[in-house]
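Asks: Next comes the sequence, and after it the predicted model I'd like to discuss.
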Amino acid sequence: MLKKLSYTILFALALSSCSDTLDDINKNPNATETPLAPYLLTGTLKQGADLYWGDANNFNSTLLFAQHWAKIQYTEPDRYDVSNTSFTSLWNTGYATLITDLNTIIKFPDAQANSNYKGIALTLRSWTFLLLTDAYGSIPYKEAGQNVTPAYNTQKEVYTGLLEDLKQAQSLLNAVNGSITGDLVYKGDIAKWKKFVNSLRLRIALRISDREPALAKQAAIEATSDAAGVISSESETFKFTYTSSPQQNPASAWFETRDDFRISKTMVDQLDALSDPRLPVFAQLPSDASVGKYVGGANGLSNSDANSQGFAKTSKPGTYFLTSASPAVIASYSETLFNLAEAAARGYISGDAEQYYKNAITASLIQFGVTNPTTISTYLNQASVKYDASNYAKSIGTQKWIAFFGQGLDAFTEWRRLDYPVLTAGPATVLDGKIPSRLFYPGTEQSLNGASYKAAVAEQGKDVLTTKLWFDVK
């Protein structure tokens, strides 16, 4: 009996030793046991910029829906011939990477992350949730990251929740609360982060304006009257600046090996009609020098018809957007001015809506390198550009659509909200003449979070591209 007991004890000790050895083998000696806030911040900024400016969510989807770009081959996305596997990266990366890492920073003890890290993380998490709800509608929000089958919140609940989250972020941000590193956007300038927070609050106020005007007005007043202010110069634009390969702009990487996009004919025709000085920035001349002018590709064509426009006879997007170091603009000074113009036009805040509108266009022109005062003045004084107070949505919507060039997710959202300019689906599109109003939920939601998915669809409407979202009332 004692012999058997001894063998048992020796066997147990051997197993324990093997387990300890395996644990040691499975440890990466070069990895930190605890994630560090600066590295998580750097990673989320880079991955967020890639997500916003990359192919799946930008130039292979929403830039096509908003008719900024068009496809000259492989035209299925431009014809809306897509499935519930087409828009998974925004969802998967948004939740599994960005929100997860940002929640890690938020939950750090103060010794690992001061309140400025947490305020920035809460701001970036709010921006990520905003992208998700703008694109899909109802989404997991309050329970996101808390369990594997989170309930969905309605879009109204998400927007109103984000306004509260951003108030909290603003309260956490203060220059006296400690310095931060790993910030590749504002280089640790907390004053600029506070302005970005208020600019997001103003953006969300306008998202809800057609549904909840009283709350929208309150949010707009709070955002614009906060002592920190809103984005008020080009130097405060929230943008991620790339460097060189492999840390290059996603569009630059794409165009190095592929040639399937052109600037949209819709955009070229609009800029031509306005004699817009941004056209040479937004587009390249066709490689066939005999063409001698900018020629956009039509949206929504069959592959054969798209090809027949001529690869050498149509204009690629401008090199401004295709260099390795082209910036990923996420919240511009121009956008903030347009939002101030609309808030004033709606009577939410004091101020001259027309002057905000002119300043917004000027800021966009300067952003894209058009700085000559005479050129700017001539453009603003055209009858077709002048502010129309009787239809502010048309004036602001059209110019904002132009200014958002390259920012597909937000261009698509604001086009749905303001309904200008008037866009027409291409001849070979598959939605009975309609343009998408949202993205499909990923197919995995049906299998992995089925009950919550079904409840969301029952409340919001069918999981199809043409279901209008809560904010999109017209």
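Replies: Structure received.
Asks: Tell me the helices and strands packed up against the one helix or strand Lys167 maps to.
Replies: Per DSSP states H and E, Lys167 falls inside helix 155-172. Contact analysis of helix 155-172 by 3 or more CB pairs under 8 Å, 6 or more residues apart in numbering; DSSP states H and E lists helix 115-136, helix 190-207, helix 213-225 as its packing neighbours. (C-beta placed from N, C-alpha, C; glycine too.)
Asks: please redo it, this time with the cut-off set to 10 Å
Replies: helix 115-136, strand 139-140, strand 152-153, helix 190-207, helix 213-225 (3 or more CB pairs under 10 Å, 6 or more residues apart in numbering; DSSP states H and E).
Asks: Contacts for the third one, please.
Replies: Going back to what we said before, that points to strand 152-153. 129, 133, 136-144, 158-161, 441, 445, 449, 452-457, 459-460 (CB atoms under 10 Å, 6 or more residues apart in numbering).
Asks: Might one say that Ser126 is in contact with Ile204?
Replies: Yes - at 8.5 Å, Ser126 counts as touching Ile204 under the criterion of CB atoms under 10 Å.
Asks: anything in contact with each of those two?
Replies: Val158, Leu162, Leu163, Leu166.
Asks: thinking again about what came up before, and the buried ones among the contacts of strand 152-153, selectable in ChimeraX?
Replies: Buried residues among those (16 or more other CB atoms under 10 Å), as a ChimeraX selection:
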select :129,133,136,137,138,139,140,141,144,158,159,160,161,441,445,449,452,453,456,457,460
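Asks: Which stretches in the stretch 301-450 of the chain count as helices?
Replies: 303-307, 333-345, 353-367, 373-380, 392-403, 408-418, 444-448, 450-460 (DSSP state H, counting those that start in this stretch).
Asks: Please identify the most buried of these.
Replies: With neighbours defined as mean count of other CB atoms under 10 Å, the helices of the stretch 301-450 of the chain peak in mean count at helix 333-345, which reaches a mean of 26.
Asks: List only those of the shared contacts of Ser126 and Ile204 flagged as buried.
Replies: By 16+ other CB under 10 Å, these give Val158, Leu162, Leu163, Leu166 as buried.
Asks: in the strand or helix carrying Ile106, what counts as buried?
Replies: Assigned by DSSP H and E, Ile106 falls within helix 100-107. By 16+ other CB under 10 Å, the buried positions in helix 100-107 come out as Thr100, Asp101, Leu102, Asn103, Thr104, Ile105, Ile106.
Asks: helices or strands up against it?
Replies: For helix 100-107, the packing partners by 3+ CB pairs under 10 Å, 6+ apart are helix 37-53, helix 115-136.
Asks: which one of those lies closest to Ser326?
Replies: Nearest to Ser326 among these is helix 37-53 (8.6 Å), distances taken as CB to CB.
Asks: Any buried residues in the closest one, and which?
Replies: Buried residues in helix 37-53 (16+ other CB under 10 Å): 37, 40-41, 43-45, 47-53.
Asks: Let me see the contact set for Gln248.
Replies: Tyr242, Glu256, Thr323, Ser324, Ala325, Ser326.
Asks: Need the per-residue pLDDT for the nearest residue to Tyr117 once chain neighbours are set aside.
Replies: In space, and not counting its chain neighbours, Tyr117 is closest to Ala37: 4.7 Å by CB to CB, 6 or more residues apart in numbering. Ala37 carries a pLDDT value of 97.
Asks: these two touch, right, Ala37 and Ser179?
Replies: No - with contacts counted by CB under 10 Å, Ala37 stays clear of Ser179, the gap being 11.7 Å.
Asks: about what we covered before: give me the lowest-pLDDT entry from the contacts of Gln248.
Replies: Glu256 (91).
Asks: Looks like that residue contacts Ser244 (just checking).
Replies: No - using CB under 10 Å, Glu256 is not in contact with Ser244, being 12.0 Å away.
Asks: coming back round to it: take the helices and strands packed on helix 155-172 and write them to CSV, including distance to Leu271 and mean pLDDT.
Replies: Compiled in CSV, those are given as follows (distance: least, CB to CB, whole Å; pLDDT from 0 to 100):
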stretch, distance to Leu271, mean pLDDT
helix 115-136, 26, 98
strand 139-140, 35, 98
strand 152-153, 39, 98
helix 190-207, 25, 98
helix 213-225, 31, 98
